[in-house]
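>>> Provide a 3D model corresponding to the input given below.
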Amino acid sequence: MEIKEEAIQATVSSPQPSLREIEVEVAWEEVAKEWEKLLSRYVARIKLNGFRPGKAPREMVKRLFFKELKNDLIEVLVPRTMNKVMRERNITPLVNPVVSEVIFRENEPFRFKARVEIFPDFKLPEYKKIRVKKMDVKVEEAEVEASLERLRQDSAEYLPVEGRGVAEGDYVVIEWKGRDARTRRLAPTEKVLVIAGHPDNGPDLNENLIGLEVGGSRRFVTSYPPDYPQKKFAGKTIENEIRVVSIKEKKLPDLNDEWAKDLGEFDNLATLRERIRKELEKSKTRAARQAMGEEAVEAILRDVRLDIPEGLIERESAALVRDWVANSTKTLTAEELENVRQRARLEAERRIKRDLVLRRVAEEEGLEVREEEVDEEIRALARKSNVPPAQLADRVNQEGKREELRASLLLRKAIDFLLENAVLY
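Below is the predicted model of the structure:
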């Protein structure tokens, strides 16, 4: 049900450039229509003792379920009214409005207040003919060889070892038992895969592992320093017992035409090398173009005066802090955490400004993203992730990420526009 325009009175104030405070009043005549509609639904579905379904007196249902009816009415009227007010006043919210002081009384106007953060208005500086340093793309022979070697490593076979003990570089499955020398507490037996001689192996493991054959075992004692990274061992002395379950050695293929053919699509090693070179060139070209695009954006940002809503900065910086802390390999001190927060705030401001500038460029130039472009991006992401396109498309739609993807493509188009109109030197 569309609310009549004359039934709504709205007062909009601007306490800050990027904030709108709205006071709304909806005439009771309009509110009553929704109230009666909700009440009729309750009467139809509520079962009360002594009455057949749908036959309970309206006043009784209203009295018994007044709180639920009121909440349902608010959930319907507030967003509907806010959308109408914002549409008529050309208010585009950054996030959902914050609603407060909702007042509902029968036979009186419905009232509430809302705070709305909006995109700040700002003037774009000249964004065409920006001077950007051209980045040359060159693929070195050593890079081709390094990629070739990675492919070779990926093609390695792991063959069971016979007639000898563990040697450096072997892949060994061991059964490990450990006992705390002080408490005599026995840890659960673990079966683990290790690379013999690897520097990340625990203290004393490598020297006790080398030479053991399948089924062989060895006991040794390890004292861990107090600052040892694995806290369950730090400062403890552990009595270890290891037993070799299996030994495999890594066998690399020869770099020849036969190996290249086995990878598929390649007639010989030279063809494989040429494909690698082209893929590296394509990747470097993308990276160079991205860097040049960011340089163009930074040139605009230096000349933009932009007041960003505080709430938007706080939300973006909080998300950055969560990501950085989650990916940290150590527990941060209070001082380190505060430094992270300060860095996150600066980065949040930069990202928000960047997105706002690119959105404005897109708006000025009439750039749009078509549905088929979003679909093609989903297909490209599916190929990259090696998942069926239909499956990824369903996930994107179910998680509500389609508009987010569209926004990302629009920003990319804005960057492409800046580069196409830049002066390269």
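
>>> So for the residue nearest to the spatial centre of the chain, what's the pLDDT?
For the chain, Asp323 is the residue whose C-alpha lies nearest the centre (C-alpha atoms, centre = their mean; 8.7 Å). As predicted, Asp323 sits at a pLDDT of 89.

>>> Figure out how far the helix or strand where Arg406 lies is from the centre of its chain.
Arg406 belongs to helix 402-420 when assigned by DSSP states H and E. On the basis of C-alpha atoms, centre = their mean, to the nearest Å, helix 402-420 sits 18 Å off its chain's mean C-alpha point.

>>> Also stretch 66-86?
Using C-alpha atoms, centre = their mean, the mean C-alpha position of stretch 66-86 is found 32 Å from that of the whole chain.

>>> Okay, buried residues for that stretch please.
69-70, 72-73, 77-78, 81-82, 84-86 (16 or more other C-beta atoms under 10 Å). Glycine gets a C-beta too; all of them are placed from N, C-alpha and C.

>>> returning to what we had before: against Ala344, how distant is the residue nearest to the centre of the chain?
Distance of Asp323 to Ala344, given as C-beta to C-beta, to the nearest Å: 9 Å.

>>> ditto for Lys67
Distance, Lys67 to Ala344, using C-beta to C-beta: 42 Å.

>>> Show me which pair in the buried residues of stretch 66-86 is furthest apart.
Leu69 and Met86 (26.3 Å; C-beta to C-beta).

>>> how's the chain carved up into domains?
Following automatic domain parsing, the chain resolves into domains at 5-117, 157-251, 268-424.

>>> what's the span of the shortest one from first residue to last?
Same thing as domain 157-251. Taking C-alpha to C-alpha, to the nearest Å as the measure, domain 157-251 stretches 5 Å from start to finish.

>>> same thing with stretch 119-130?
Length of stretch 119-130, first residue to last, C-alpha to C-alpha: 25 Å.

>>> Enumerate the positions of it that are buried.
For stretch 119-130, by 16+ other C-beta under 10 Å, it's 119-120, 122, 127, 130.

>>> before we move on, what about stretch 337-356?
Neighbour-count burial for stretch 337-356 flags 340, 344-345, 348-349, 352-356 (criterion: 16+ other C-beta under 10 Å).

>>> just the helices in the stretch 1-150 of the chain please.
Assigned helices in the stretch 1-150 of the chain, in chain order: 28-45, 58-64, 66-88, 141-154 (criterion: DSSP state H, counting those that start in this stretch).

>>> Rebuild the ones you listed as TSV, extending it with mean pLDDT.
Supplementary listing: those in TSV, determined by pLDDT from 0 to 100:
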stretch	mean pLDDT
helix 28-45	89
helix 58-64	87
helix 66-88	89
helix 141-154	95
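
>>> quick one, which of the ones you listed is nearest to Gly211?
Between Gly211 and the helices of the stretch 1-150 of the chain, the tightest spacing by C-beta to C-beta is seen for helix 141-154, at 26.0 Å.

>>> Toward the C-terminus, what is the element adjacent to the closest one?
In N-to-C order, the element after helix 141-154 by DSSP H and E is strand 157-160.

>>> In its sheet, which strands sit next to that following strand, and in what direction?
If you go by DSSP bridges, strand 157-160 pairs up with strand 237-251 (antiparallel).

>>> Mind exporting the C-alpha coordinates of the very next helix or strand once past the strand it pairs with to PDB?
Toward the C-terminus, strand 237-251 is succeeded by helix 257-262 as the next helix or strand (DSSP H and E). Extracted C-alpha coordinates of helix 257-262, given in PDB (Å, rounded to 0.1, in the frame of the first residue of the first chain):
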ATOM      1  CA  ASP A 257      59.300 -32.700 -24.600                       C
ATOM      2  CA  GLU A 258      57.700 -35.800 -23.200                       C
ATOM      3  CA  TRP A 259      57.000 -34.100 -19.900                       C
ATOM      4  CA  ALA A 260      55.600 -31.100 -21.600                       C
ATOM      5  CA  LYS A 261      53.200 -33.300 -23.700                       C
ATOM      6  CA  ASP A 262      52.000 -35.000 -20.500                       C
END
